[in-house]
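> coords below, sequence missing:
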C-alpha cells in the first residue's frame, strides 16, 4: 500500500491491516507557473485555492497524504491524524530527501548509475537470445 487511503478504507471494512512506516521517505511536490503566462491571475488563484489550509485538511481527511502546510494540521480530525505520514509519532523516523544535495549531485549520480547498469543490460540481452 502506498498511503493513499487504501489502509484506512480496508480497516473500515474490517481488514486487519496497517502501514509500516519505518523508514518512510518524505518527498515534496511544487506548483509552478510558466514565466510570461497569459493566465497569470487565474494560475495564481488556482495555487492559492489548492493550498488553502482548509482545503489541504479536507484532502488529508479523504486521502491519507500529509498536508503541504503546517497550518492545516490543526484542522484535520483527530481520528484521521494517526493514518497520515505526517503524524507526530512518525515524523522523526522519516527520511527526508535533501533536494539541494540532489540538485548539486544528481546528474553525476545518475551517470554513475547508468555506467554501472549498462554492461549488465548488455549481458542480459545476450543471454536472452
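Noted; the coordinates are in hand. Just so you know, these numbers come straight off a predicted model, no measurement behind them.
> quick one, phi/psi of the residue sitting nearest the centre point of the chain?
The centre of the chain sits closest to residue 27, judged by Cα atoms, centre = their mean, with a distance of 4.6 Å. Main-chain dihedrals, residue 27, degrees, to the nearest 10: phi -130, psi 170.
> which one is it nearest to, not counting chain neighbours?
Using Cβ to Cβ, 6 or more residues apart in numbering and skipping the chain neighbours, the partner closest in space to residue 27 is residue 97 (5.6 Å). Yep, even glycine has a C-beta here, placed from its N, CA and C like the rest.
> The one you found reaches residue 103, doesn't it?
No - Residue 97 lies out of contact with residue 103 (Cβ atoms under 8 Å); the separation is 10.9 Å.
> neighbour count winner among the two?
Counted by other Cβ atoms under 10 Å, residue 97 and residue 103 do not tie: residue 97 has more neighbours, with 12 against 9.
> May I have the phi/psi pair for the more buried one?
Residue torsions, per degrees, to the nearest 10, at residue 97 are phi -70, psi 130.
> what sits against the residue nearest to residue 27?
25-28 (Cβ atoms under 8 Å, 6 or more residues apart in numbering).
> Look up how far residue 9 lies from it.
27 Å (Cβ to Cβ, to the nearest Å).
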